[in-house]
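S.K.: how would this look folded up:
(one chain, ligands or ions: 1)
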Amino acid sequence: MTDSVSTESTTRRRRWRWPSWVEPMVTRVVFSAFVLYALGVVLFEHSGQYQNYVSPFFSPPLGQWLSVPVAPAVLVAWIPLLFRGTCYYYRREYYHAFAADPFVCGVRERPGRAYTGERKWPWVFNNSHRYWWYLAVIVLLFLWKDTVSAFVFHGHFGIGLGSIILLINVVLLTGYTLSCHAFRHLVGGNRDCFTCPQRVAAPRPSTRFRLWRSISGWNRHHGSLAWASMASVWAADVYIRLLMAHIIPDVRFLK
Ligand code: FES
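M.R.: Modelled structure (predicted):
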């Protein structure tokens, strides 16, 4: 179903989904709620571990390795913060949601506003995204290690609800990290001819081309993975915190 939006302020026809103010408002509410929650955990909580479950906010355990007088999660949190904060998808979302500048592609600027791209401080900082990607991959490796540990109970393999939540979380985070635009560029960015007819028609496309094509496929879902992985980090921390406070017991499917 399409509407025929072609008003003074809109220069394109768009597929009808929902009123244009809904998405920015949902983004504003969910982002703000997550940021407030994350700030509370990072600044005021000193532990994020229940038995063999480690909250993603506290991995890697830099607080145990370094004796510095700051909350342990602070030592780690700046990496995912900068990684997500400079993410191309999140940039689009928070520019739209919090500044409405640019509002959306194909919509004229409001009087007195002129989007100039990310060429000046502070927005030019967002161009550092690829460097935070490298650090985020290191954090991701620690999260996989924690997930494996979440399936080991007193030296034996087991499955608890926490193991499953942490597994879902790390799978979503891996999808989010590997579908990154910067990673896609890293794999195929210096090739001009991946889509040349002779390459596409070649009977044995190179490994690099196949990898780039896979990442391009994941990249189409990057926005969904951004939301889903943010929700899973949130859910994993909430679950572990409820266990730590003895509000709920861990559900075990296999001891
Ligand atoms: Fe979103 Fe890189 S573009 S994580």
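S.K.: switch to C-alpha atoms for all contacts and neighbour counts from now on
M.R.: Noted.
S.K.: hmm, who's touching the host helix or strand of Tyr94?
M.R.: Tyr94 belongs to helix 88-94 when assigned by DSSP states H and E. By Cα atoms under 8 Å, 6 or more residues apart in numbering, the residues outside helix 88-94 that reach it are 24, 27-28, 84-85, 181, 222-223, 226.
S.K.: redo that, cut-off 6 Å
M.R.: Residues outside helix 88-94 that contact it (Cα atoms under 6 Å, 6 or more residues apart in numbering): none.
S.K.: and it, how far out from the chain middle?
M.R.: Offset of helix 88-94 from its chain centre (Cα atoms, centre = their mean, to the nearest Å): 11 Å.
S.K.: using CSV, list the CA coordinates for that helix.
M.R.: Taking C-alpha atoms only, helix 88-94 is exported to CSV below (Å, rounded to 0.1, in the frame of the first residue of the first chain):
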residue,chain,number,x,y,z
TYR,A,88,26.4,4.4,10.7
TYR,A,89,23.0,3.1,11.5
TYR,A,90,22.8,4.6,15.0
ARG,A,91,24.0,7.9,13.5
ARG,A,92,21.1,8.0,11.1
GLU,A,93,18.7,7.1,14.0
TYR,A,94,19.9,9.7,16.5
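S.K.: that helix close to the ligand?
M.R.: Yes: counting by Cα under 6 Å from any ligand atom, the ligand is contacted by helix 88-94 at 88-89.
S.K.: buried sites along that helix?
M.R.: With burial defined by 16 or more other Cα atoms under 10 Å, the residues of helix 88-94 counted as buried are 88-90, 92-94.
S.K.: any idea how far Val233 is from the residue of the stretch 101-250 of the chain at minimum distance from the ligand?
M.R.: Residue nearest to the ligand within the stretch 101-250 of the chain: Cys180 (3.7 Å; Cα to the nearest ligand atom). Counting by Cα to Cα, to the nearest Å, the gap from Cys180 to Val233 is 18 Å.
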